[in-house]
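*Asks:* Everything below, folded, please.
(2 chains)
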There are 2 protein chains.
Amino acid sequence: MRENDLLHWLTHSTRPDAAVPVPIGDDMAAVAIPPHAAAGLALLKIDQALDGVHFNLATCGPAAAGRKAVNRCLSDCAAMAAAPAAIMVSVALPAHMPLAAAQALLTACRNAAAEFNCPLVGGDTAIWQQPLVITVSALGFATQRPVQRRGAQLADAIVVSGKLGGSILGRHLTFTPRIKLASLLQTIAPVHSMMDLSDGLAADLPRLAEASGLGAIVDEAKLPVHPDAIQLAKQDGRSPAQHALCDGEDYELLFTLSPHGAAQLPTHLADVPLTIIGEMTRPPELYVRSPDGMLQPWPVGGFEHRGTAP
Amino acid sequence: MRENDLLHWLTHSTRPDAAVPVPIGDDMAAVAIPPHAAAGLALLKIDQALDGVHFNLATCGPAAAGRKAVNRCLSDCAAMAAAPAAIMVSVALPAHMPLAAAQALLTACRNAAAEFNCPLVGGDTAIWQQPLVITVSALGFATQRPVQRRGAQLADAIVVSGKLGGSILGRHLTFTPRIKLASLLQTIAPVHSMMDLSDGLAADLPRLAEASGLGAIVDEAKLPVHPDAIQLAKQDGRSPAQHALCDGEDYELLFTLSPHGAAQLPTHLADVPLTIIGEMTRPPELYVRSPDGMLQPWPVGGFEHRGTAP
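*Replies:* Here you go, the predicted structure:
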């Protein structure tokens, strides 16, 4: 395979799109800025997925790797309540990878974005003697001012979408970015702060709390535990709740809103369960409330990639 | 070094910028869309630089690698006559790299962009057991409709900036993206088509010609040969003109405009020489005119990275 072969295929297999007046194949792509771009803001993200760290190419294959790389980035669009307007994908391909595998990878990237009407507008390909690297960049626009991590208010309810824990059993490859959910949330009640759960609740909630200058209490009994967390708990002896708190790569939404706003929330939105798990507090310390009502210290750590993808 | 240490440093060492209402550190950054964004277009690019392919970390060091990675991307902004509004940098760091080296890399990235008043608004860091990968994404806006490759017209003069060839001797690390030059060009005469020379004139001009449905004749005697090309020619026996035609990574501008427009061009603009090297022709075939006036076949190939950076 030569770099130019793949780039040529990518350029010529891209369908014309009125929102992309200059498509992939020029020095830069040009994307139309929609009239609804709130406050004249362009939202940007870059995110990488590495073989042996974020996925294992030998077991998951190129299509699953590409899909995950794109969806990780789109999950950040959801976290800002933004609609993705364009993605770009850069790949460093191992020299032994067949052209068909690289095409499967990029097709999966394009299809993952297309699920949200988001075009692939840029690509860079290089070939090297090392493992696969996929880097994805996204441009998004919000119809309202984007929801940041820092906006949580005292006494806000803390809510998570979906069910947590055990994503390593497979969901870390197959999750759906909560873009539709995030856009619907805005129509129900003002969301004060939001982020996506990529490193696990134990690591991510402290970031939201710190950005907002607040603390938090999470009720262990309220945690929406995923069946995968229960299955994993049987294997390793940790509790399902520990998995729900500490496992990474849920790619669910974590957000806060007023208690009044929280009362308006349905139990499901866009077919995704919503669960109130706690409240924002002051001083800025975090606790888990155990089922007996006692405040326990916040679990240390959470998830950080260490180069040992399954 | 841990991923979070570097990300924390990057977030907290970024200065506030009114053009970046949501800076690095949230799920996405928000960049203000300037009122002059022509035709409501956002311009996007992604580009990677790999250790052992685009640079050799052991010999050039992390700062030069970071600078090159950013400037490669900004060179594409120049090619579209766009002003860069934001860059993002994703790095996959070898596990043995000290935190200080990673900081030097990201500082060099930030400084390279700052030369064009362009903020670093996003970063992703991961640590793995493999060589360094730097991926840069740029957002730009054009004050006029962006200049594409496809706009060349029959009988257009073909112009290059700077001097060509032999960049492997060092300029491939130290070049300046021609952003200022590109913006000044627009004030002198309408530029019909433009791209940057990344793979060498022999590889890049055919792309511009094909996109425009035209051919081209380049006068060998008019090629602005860089002293590095002459030095390299002494070492390897190829001619200086061959190096000017076929060597990659000049990162100069290649553009076409009407003969009338070309007559308005100064010999230097923004301290960079401008040289008319040929003209666009029909049918769509390319030739080099040798000093004796004979049309020679276009050199095959040009430059493609093959994993052997010096």
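
*Asks:* so the residue in the stretch 151-300 of chain A that chain B sits nearest to is in which element?
*Replies:* Here the stretch 151-300 of chain A gets closest to chain B at one residue, A:Met195, 5.4 Å apart by CB to the nearest CB. C-betas here are computed from N, CA, C, even on glycine. Secondary structure from DSSP states H and E places A:Met195 in strand A:193-196.

*Asks:* returning to that earlier point: which residues does the residue of the stretch 151-300 of chain A closest to chain B form a beta bridge with?
*Replies:* A:Leu254 (DSSP bridges).

*Asks:* Check the gap between it and A:Ser258 for me.
*Replies:* 18 Å (CB to CB, to the nearest Å).

*Asks:* what does A:Leu99 give?
*Replies:* 54 Å.

*Asks:* and A:Leu232, what is it in contact with?
*Replies:* Applying CB atoms under 8 Å, 6 or more residues apart in numbering or on different chains, we find A:Leu232 in contact with A:165-166, A:168-169, A:238, A:243, A:247.

*Asks:* what about it, which SS state?
*Replies:* helix (DSSP: H, G, I helix; E, B strand; the rest coil).

*Asks:* one step back: compare A:Met195 and A:Ser258 (neighbour count), which wins?
*Replies:* A:Met195 (24 against 16; other CB atoms under 10 Å in any protein chain shown).

*Asks:* So the top helix by length along chain A, near chain B or not?
*Replies:* Of all segments of type helix in chain A, defined using DSSP state H, the longest is helix A:57-79. Yes - for helix A:57-79, a contact with chain B is found by CB under 8 Å from any CB of the partner chain, at A:76-77, A:79.

*Asks:* After that helix, which helix or strand is next?
*Replies:* strand A:83-94.

*Asks:* which parts of that following strand are buried?
*Replies:* A:83-94 (16 or more other CB atoms under 10 Å in any protein chain shown).

*Asks:* and the next element down the chain from the stretch of helix or strand A:Ala101 belongs to?
*Replies:* In this assignment (DSSP H and E), A:Ala101 forms part of helix A:99-114. Once helix A:99-114 ends, the next helix or strand along the chain (criterion: DSSP H and E) is strand A:120-128.

*Asks:* Run me through the strand neighbours of that next one, direction for each.
*Replies:* When DSSP bridges is applied, strand A:120-128 pairs with strand A:83-94 (parallel).

*Asks:* care to break chain A down by domain?
*Replies:* If you go by automatic domain parsing, the domain ranges for chain A are A:3-141, A:149-297.

*Asks:* mean confidence for the longest one?
*Replies:* When pLDDT is averaged along domain A:149-297, the result is 96.

*Asks:* Tell me which residues touch the residue nearest to the spatial centre of chain A, please.
*Replies:* Nearest residue to the geometric centre of chain A (CA atoms, centre = their mean): A:Ser75, 2.8 Å. When contacts are counted by CB under 8 Å, 6+ apart, A:Ser75 touches A:175, A:177-178, A:196, A:198, A:251.

*Asks:* try it again with 10 Å
*Replies:* For A:Ser75, the contact set (CB atoms under 10 Å, 6 or more residues apart in numbering or on different chains) comprises A:45, A:47, A:138, A:175-179, A:182, A:195-198, A:249-253, B:27.

*Asks:* Same check on A:Pro131?
*Replies:* By CB under 10 Å, 6+ apart, the neighbours of A:Pro131 are A:50-53, A:56-57, A:92-94, B:92, B:128-131, B:133.

*Asks:* ok, of these, which one's closest to B:Phe116?
*Replies:* The shortest approach to B:Phe116 among those belongs to B:Val133, at 23.5 Å (CB to CB).

*Asks:* Which strand residues bridge the nearest residue to the closest one once chain neighbours are set aside?
*Replies:* Distance criterion CB to CB, 6 or more residues apart in numbering or on different chains; nearest residue to B:Val133, sequence neighbours excluded, is B:Ala92 at 4.0 Å. In this entry, B:Ala92 is beta-bridged to B:Ala126, B:Val133, by DSSP bridges.

*Asks:* any idea how far A:Gly52 is from B:Ala92?
*Replies:* 11 Å.

*Asks:* Need the overlap of contacts for the two.
*Replies:* Common neighbours of B:Ala92 and A:Gly52 (CB under 10 Å, 6+ apart) are A:131, B:128, B:130.

*Asks:* So for the first one, what's the pLDDT?
*Replies:* At A:Pro131, the pLDDT value in this model is 98.

*Asks:* Could you tell me how far the residue lying closest to it once chain neighbours are set aside is located from B:Asp292?
*Replies:* Sequence neighbours aside, A:Asp51 is the residue nearest to A:Pro131 in space, at 3.9 Å (criterion: CB to CB, 6+ apart). Separation of A:Asp51 from B:Asp292 (CB to CB): 54 Å.

*Asks:* Those two: which has the busier surroundings?
*Replies:* A count of neighbours by other CB under 10 Å puts A:Asp51 above the other of A:Asp51 and B:Asp292, at 22 against 8.

*Asks:* quick one, phi/psi of that one?
*Replies:* Per-residue torsions, A:Asp51: phi -60, psi 130 (degrees, to the nearest 10).

*Asks:* so who does the residue nearest to A:Pro131 touch?
*Replies:* Per CB under 10 Å, 6+ apart, neighbours of A:Asp51: A:57-58, A:60, A:62, A:65, A:92, A:94, A:130-134, A:309, B:128, B:130.

*Asks:* mind running it again at 6 Å?
*Replies:* Contacts for A:Asp51 (CB atoms under 6 Å, 6 or more residues apart in numbering or on different chains) come out as A:57, A:131-132.

*Asks:* Next: A:Ala39.
*Replies:* A:Arg145.

*Asks:* for A:Ala37, same thing?
*Replies:* A:Phe141 are the contacts of A:Ala37 under CB under 6 Å, 6+ apart.

*Asks:* same thing but 10 Å
*Replies:* A:Ala37 touches A:43, A:82-83, A:85, A:140-143, B:33, B:40, B:42, counting by CB under 10 Å, 6+ apart.

*Asks:* got it, and A:Arg238?
*Replies:* Counted by CB under 10 Å, 6+ apart, A:Arg238 has contacts A:165, A:229, A:232, A:245-247.

*Asks:* doesn't it fall inside a strand?
*Replies:* No - according to three-state DSSP, A:Arg238 belongs to no strand; its state is coil.

*Asks:* residues near A:Ala262, how many?
*Replies:* 18.

*Asks:* The closest residue to it other than its chain neighbours pairs with what?
*Replies:* Of all residues not flanking A:Ala262 in the chain, A:Ala157 sits nearest, at 3.6 Å (CB to CB, 6+ apart). When assigned by DSSP bridges, A:Ala157 has beta-bridge partners A:Leu257, A:Glu279.

*Asks:* now, among the shared contacts of B:Ala92 and A:Gly52, which is nearest to B:Thr107?
*Replies:* Nearest to B:Thr107 among the shared contacts of B:Ala92 and A:Gly52, with distances taken as CB to CB, is B:Trp128, at 21.6 Å.

*Asks:* Same question for the residue lying closest to A:Ser137 once chain neighbours are set aside, what's its three-state structure.
*Replies:* The shortest distance from A:Ser137 to any non-neighbouring residue, by CB to CB, 6+ apart, is to B:Ser137 (3.8 Å). The three-state assignment at B:Ser137 reads strand, by three-state DSSP.

*Asks:* hang on, isn't B:Ser137 packed against B:Cys73?
*Replies:* Yes - applying CB atoms under 10 Å, one finds B:Ser137 in contact with B:Cys73, separated by 7.1 Å.

*Asks:* Now for the two: what residues contact both?
*Replies:* A:124, B:45-48, B:87-89.

*Asks:* pLDDT check: weakest of the residues you listed?
*Replies:* The member of the shared contacts of B:Ser137 and B:Cys73 with the lowest pLDDT is A:Asp124, at 93.

*Asks:* For it, the count of nearby residues, please.
*Replies:* 22.

*Asks:* was I right about A:Cys109 contacting A:Ala64?
*Replies:* No - counting by CB under 10 Å, A:Cys109 sits too far from A:Ala64 to count as a contact (11.2 Å).

*Asks:* who touches A:Ala112 in this structure?
*Replies:* Per CB under 10 Å, 6+ apart, neighbours of A:Ala112: A:63, A:66-71, A:73-74, A:87, A:89, A:118, A:120, A:136, A:176-177.
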